[in-house]
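>>> fold the following, please.
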Amino acid sequence: MKNALNKLKEGNQRFVAGSTIHDAESIHTSRIANQHGQKPFAVILGCSDSRVPAELVFDQGLGDLFVVRVAGNIAASSQIGSIEFAVSMFESPLVIVLGHSSCGAINASLNAMKDPDQKVTKHIASLVEQIEPAINSLAVDGLDKVDPADAVKANVMNSVADLCNHSEVIKSRIEAGLLQVEGAHYDLKTGQVEFYDVD
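Prediction:
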């Protein structure tokens with residue numbers, strides 16, 4: 001697990017420094033090597049934001065990461081099922097929930113909570129419903145006092161808790177020492193990933 005985490009950290013350092021190692025040739029080689037199967041060393045539950053592609057942010061190649069993307073990096077049923085599939089089928093030892101700065105899903109959820117009469121589709125409303133608990137945990141002095149940056153972290157940690165508490169597959173693998181689930185934050189300005197609560 002530490003090895004997998006270190007690979008992500010080292011890859012992000014290369015990305016930040018502009019010294020990535022995965023070029024067209026390495027991708028072509030990986031495509032051929034992985035055509036009959038995959039063995040991703042980490043699973044990333046990330047936001048759908050077009051500026052946060054996990055493979056690039058962590059400078060990993062084809063077949064290295066099993067990536068699940070959804071607005072607001074929420075851990076709803078289909079995302080949990082996808083991650084259960086990855087850790088069971090491929091025995092990936094690490095799951096990272098990756099939030100990011102200036103998250104549109106967080107800002108949209110805040111706005112929807114401040115103005116519950118605004119019109120949103122039922123599907124967007126379901127996203128807001130998933131993000132609401134994180135925002136509410138910070139709203140002791142009112143929604144206007146909630147810092148979106150704090151809401152991003154709270155939402156990431158809620159998704160981490162959802163994965164650990166709402167999946168017997170994930171929970172049992174954690175208890176057996178086979179899986180680590182952690183939260184992280186990507187800074188759009190610097191390109192740096194900060195890992196939460198990691199020793």
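>>> C-alpha from now on. contacts and neighbour counts both.
Fine.
>>> so what's Ala4 up against?
Applying CA atoms under 8 Å, 6 or more residues apart in numbering to Ala4 gives the contacts Phe41, Ala42, Pro93, Leu94.
>>> just those residues: which are in strands?
Counting by DSSP state E, the contacts of Ala4 place Ala42, Leu94 in strands.
>>> which of the contacts of Ala4 are buried? Put it as a ChimeraX command.
The following ChimeraX line selects those of the contacts of Ala4 that are buried, judged by 16 or more other CA atoms under 10 Å:
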select :41,42,93,94
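>>> can you put the contacts of Ala4 in a markdown table and add distance to Arg173 and pLDDT?
Formatted as a markdown table, the contacts of Ala4 follow (distance: CA to CA, whole Å; pLDDT from 0 to 100):
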| residue | distance to Arg173 | pLDDT |
| --- | --- | --- |
| Phe41 | 15 | 97 |
| Ala42 | 14 | 98 |
| Pro93 | 9 | 97 |
| Leu94 | 11 | 97 |
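>>> format the contacts of Ala4 as a markdown table; extra columns: distance to Ser101.
As requested, the contacts of Ala4 are exported to a markdown table (distance: CA to CA, whole Å):
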| residue | distance to Ser101 |
| --- | --- |
| Phe41 | 25 |
| Ala42 | 22 |
| Pro93 | 26 |
| Leu94 | 22 |
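>>> with respect to Lys189, which of the contacts of Ala4 is nearest?
Ala42 (24.5 Å; CA to CA).
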